[in-house]
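Peer 1: pasting the sequence and the predicted coordinates here, then a few questions.
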Amino acid sequence: MNAEILRGQLGRLLLVAATLFLLALFVGCGSSEEAVYDEETEAPVISEQARLQYRADSLMNENRRLQDQVDALTAESRKLTARNAELETRLAEAAAPPPPPVVTDPTEAYRTALGQFNARNYSGALEGFSSILGSGSAGELADNCQYWMGECYYGMGQYSEAMQNFEKVMDYTRSGKIPYATLMIGNCQAAMGNKAAAVETYQKVISGFPTSPAAEKARAKLGKM
């Protein structure tokens, strides 16, 4: 009887001990999980002043970046402005008329150009006659220079340009080259295939300057047409 009582009391003690152990274990685990949870969820506290300072620093950095871009664009604009000014200067220089040629002795220059024409150096002669006219010192040789420029173009087969220069001889109303210039206009018209206009021009030479050598040449031209 005593043994059974002892076994019963021992069993109750073991049950109480087991219960206390489980309670202790449960309470310990709950405290640990709660502590971990608190550590993970607890956020640091940031003051309003710190936030404003951070915002101010961000705005300053953005302002510096934008200022750097403005400086770069300003420098590029200055380069483009300088380049544009340089190009405008070059265009103005290119568009400016060349200075008139310097002819110290127009008579000698005229003889030289005429010699080149007789040697069939039409381009060289044309440059010489043109230089005399362009210098403004041609004087009484101006109509002759204009006429021979027409002859140079005619010799090079540029009949339209030749006719334009022969027509300019008519501006010198007292020029002795007018009958010959009129004859050469007829020759240009004939060379360009305008036979009717050439005939009319030859007849104008004959009627306008009947006793001139140019009229004799005009009659000969008409006889061959």
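Peer 2: Thanks, I have the structure now.
Peer 1: so residue 150 sits against residue 183, correct?
Peer 2: No: counting by CB atoms under 8 Å, residue 150 does not reach residue 183; the two are 11.0 Å apart. (Each C-beta comes from the backbone N, C-alpha and C, glycine too.)
Peer 1: between those two, tell me which one has more neighbours.
Peer 2: Per other CB atoms under 10 Å, whichever of residue 150 and residue 183 has more neighbours is residue 150, with 28 against 25.
Peer 1: assign a three-state SS to that one, would you?
Peer 2: helix (DSSP: H, G, I helix; E, B strand; the rest coil).
Peer 1: what sits against it?
Peer 2: 162, 163, 164, 165, 166, 168, 169, 181, 184 (CB atoms under 8 Å, 6 or more residues apart in numbering).
Peer 1: next up, the contacts around the third one.
Peer 2: With contacts taken as CB under 8 Å, 6+ apart, residue 164 has the following neighbours: residue 150.
Peer 1: which parts of this protein are helices?
Peer 2: 2-41, 48-95, 106-118, 122-135, 142-155, 159-169, 178-191, 195-208, 213-223 (DSSP state H).
Peer 1: what's the angle from the fifth one to helix 106-118?
Peer 2: It stands for helix 142-155. 20 degrees (axes from the mean of the first three to the mean of the last three CA atoms, to 10 degrees).
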